[in-house]
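> sharing a model prediction with you, sequence too.
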Amino acid sequence: MSYTLTEEQQLIQQNVREFAEEYVQEHTTEIDSSGEFPTEIVGQAAEQGLFALLFPEEFGGVEAGFLSYILTVEEVSRTCAALGSIIVNHCSLAAEAINRFGSKEQKEQYLPAMCAGETIGAFALNEFCADPGYGESKVVAVREGQDYVLNGKKYFVMNSGAAGVYVVFALTNPENIENGMSAFLVEAETPGFSVGRTIDKMGLNGCPTAEIVLENVRVPATNLLGKENEGMKIVQKLQPMFKLALAAQTLGIAQSALENSIEYAKQRVQFGRPIGKFPAIQTMIAEMAANIHIGRLALYDAAEMVEKGDEEEYETKASMVQLFVNKIGQKTCLDAIQVHGGYGYSQEMLVSRLLRDVKGTIAIDSASEFPEKIIAQNIMGL
């Protein structure tokens, strides 16, 4: 990797930063306190093309490349992690699943509106007390003629309520639990589909999260995404790029924590001098900056591997990035609270929200397979 962004990438990064600071930043406190989906801001983000970066021009995308997308997620999350979550769940999971595994007809039907931000996507994989990642599922899809009928509940579905289309995973082969999951495209207006209990999260408020309920939801067989009983292959293929997008979110939040710590350390005076002159504060801020820099280089390196299509290699690198960035992201936000002293514990201070938000990105990321296992297996060939 050259470790130097292209002129186009730098322009995208700068434009997104300016958009976030000018149009989003003033609303972040309200978004966090209300927890409501920021419809107007999402619309403005869509007008900037933030939902179209990954996708082909023939379906309304701009094909800016994966690294440009990562830069965008990082810059948005630096200002508003909730908006970052909306974009990541929409682009990295729902829209990318259709882009990579959908038929031409499915792409033509859904991607243009998703790239334009007119239709928000959601990814319905998780279930309460079941692990679809290992083939467990209480949501079942039964073939009836030219349709499938879906029944059950999905848990912790991000973008719930705001989404117009859901990628829903259901068991289609009870005889083969581990390889019997399939993915379906379910529109929010489908009879029998409803959004259930809203989940009140610690952070990432503004990215609505809820259960979805499927009661005899009938979808045509043409809404099957990919092949029957190969739904988990879709999940596994999407995981590395999703991990990298979450890492970009985490680094964006950490960058905000660093910037706020620097500003506070320069302004806060104790014993006649700014606290930024005290060695203990300097050590924390220096470690924050160094860790973020190292994490960013690793993230951009892995993103370039994605663009080159070296799938086997970037799976390992994505897990390495996940392992490192999750640790330093949380530490950075905790140290930022320490720099702010007692004020850092106040809900009035930005750093308290940053800690709640970063715990969200880490918890979501940790729901996938342990990165240590993937790294060790791949580098040892076991």
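Perfect, thanks for sending it. Numbering: from 1, shown residues only.
> excluding chain neighbours, what is closest to Asn291?
Distances taken as Cβ to Cβ, 6 or more residues apart in numbering place Ile328 nearest to Asn291, at 3.8 Å, with adjacent residues excluded. For glycine as for every other residue, the C-beta is placed from the backbone atoms N, C-alpha and C.
> which ones are touching that neighbour?
When contacts are counted by Cβ atoms under 8 Å, 6 or more residues apart in numbering, Ile328 touches 254, 291-292, 294-295.
> same check on Val168?
Here Val168 is in contact with 124, 139, 150, 154, 183-186, 212, 214 (Cβ under 8 Å, 6+ apart).
> try 7 Å
124, 150, 154, 184, 186 (Cβ atoms under 7 Å, 6 or more residues apart in numbering).
> likewise for Leu251?
Counting by Cβ under 7 Å, 6+ apart, Leu251 has contacts 74, 292, 295-296, 299, 325, 329.
> any idea how far Glu348 is from Ile234?
43 Å (Cβ to Cβ, to the nearest Å).
> and what of Asp301?
Relative to Glu348, and taking Cβ to Cβ, Asp301 is found at 38 Å.
> next: Ala81.
18 Å.
> more neighbours, the two?
Ala81 (31 against 9; other Cβ atoms under 10 Å).
> helices of the stretch 251-382 of the chain, start to end?
Taking DSSP state H, counting those that start in this stretch as the test, the helices found in the stretch 251-382 of the chain are 279-308, 311-340, 350-366, 371-380.
> which of those helices sits closest to Ile31?
Set against Ile31 and scored by Cβ to Cβ, those come closest in helix 350-366, at 10.1 Å.
> what's the angle from that closest one to helix 311-340?
Relative orientation of helix 350-366 versus helix 311-340 (axes from the mean of the first three to the mean of the last three Cα atoms, to 10 degrees): 150 degrees.
> so how far is helix 350-366 off the chain centroid?
Put simply, helix 350-366 sits 12 Å off its chain's centre (Cα atoms, centre = their mean, to the nearest Å).
> again with stretch 285-292
For stretch 285-292, the distance to the chain centre is 23 Å (Cα atoms, centre = their mean).
> burial measure for Leu334, as a count.
Neighbour tally, Leu334, other Cβ under 10 Å: 16.
> against Leu50, how distant is Ala20?
10 Å.
> name the helix or strand for the closest residue to Tyr110 other than its chain neighbours, please.
Take Tyr110 and drop its neighbours on the chain: the residue closest to it by Cβ to Cβ, 6+ apart is Ile98, 5.4 Å away. Assigned by DSSP states H and E, Ile98 falls within helix 96-101.
> any idea how far the helix or strand just after that helix is from the middle of the chain?
Next along the chain after helix 96-101, taking DSSP H and E as the criterion, comes helix 104-115. How far helix 104-115 lies from its chain's middle: 21 Å, per Cα atoms, centre = their mean.
> and Ala210, that's in a strand?
Yes. The assignment for Ala210 is a strand, going by DSSP: H, G, I helix; E, B strand; the rest coil.
> mind checking the SS state of the residue nearest to it when sequence neighbours are not counted?
Take Ala210 and drop its neighbours on the chain: the residue closest to it by Cβ to Cβ, 6+ apart is Ser160, 3.8 Å away. When classified by three-state DSSP, Ser160 comes out as coil.
> and for Ser160, the neighbour number?
Ser160, neighbours per other Cβ under 10 Å, totals 26.
> with the one 3 residues further on instead?
The criterion is other Cβ under 10 Å. On that basis, Ala163 has 28 neighbouring residues.
> that one should be in a helix, yeah?
No. Under three-state DSSP, Ala163 sits outside any helix and is assigned coil.
> which ones are touching it?
Going by Cβ under 7 Å, 6+ apart, the list of residues near Ala163 reads 120-122, 188.
> need the buried ones from the residues you listed selected in PyMOL.
Buried members of those, defined by 16 or more other Cβ atoms under 10 Å, are picked up in PyMOL with:
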select buried, resi 120+121+122+188
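> in contact with the closest residue to Gln25 other than its chain neighbours, which residues?
Nearest residue to Gln25 in three dimensions, chain neighbours excluded: Thr79, at 5.0 Å (Cβ to Cβ, 6+ apart). Listed by Cβ under 7 Å, 6+ apart, the contact partners of Thr79 are 20-21, 24-25, 28.
> quick one: buried residues of stretch 317-336?
317-326, 328-336.
> what mean pLDDT does it have?
For stretch 317-336, mean pLDDT is 95.
> can you give the distance from that stretch to the centre of its chain?
With Cα atoms, centre = their mean, you get 15 Å for stretch 317-336.
> got it, and stretch 148-157?
21 Å.
> residues in contact with it: which ones?
With Cβ under 7 Å, 6+ apart, stretch 148-157 has contacts from 122, 124, 126-128, 138-142, 168, 170, 184, 196, 199, 209-219, 221, 224.
> can you pull the contacts of the residue nearest the centre of the chain?
What sits nearest the mean C-alpha location of the chain, by Cα atoms, centre = their mean, is Val88, with 3.5 Å. Counting by Cβ under 7 Å, 6+ apart, Val88 makes contact with 73, 245-246, 249.
> output these as a markdown table; include the columns distance to Leu11.
Shown next, in a markdown table, are the contacts of Val88 (distance: Cβ to Cβ, whole Å):
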| residue | distance to Leu11 |
| --- | --- |
| Val73 | 17 |
| Ala245 | 21 |
| Leu246 | 25 |
| Gln249 | 22 |
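> name the nearest of these relative to Pro371.
Among those, and counting by Cβ to Cβ, the member closest to Pro371 is Leu246, at 11.5 Å.
> check that closest one and give its pLDDT.
pLDDT, Leu246: 96.
> isn't it up against Ile364?
Yes. If you go by Cβ atoms under 7 Å, Leu246 and Ile364 touch, sitting 6.4 Å apart.
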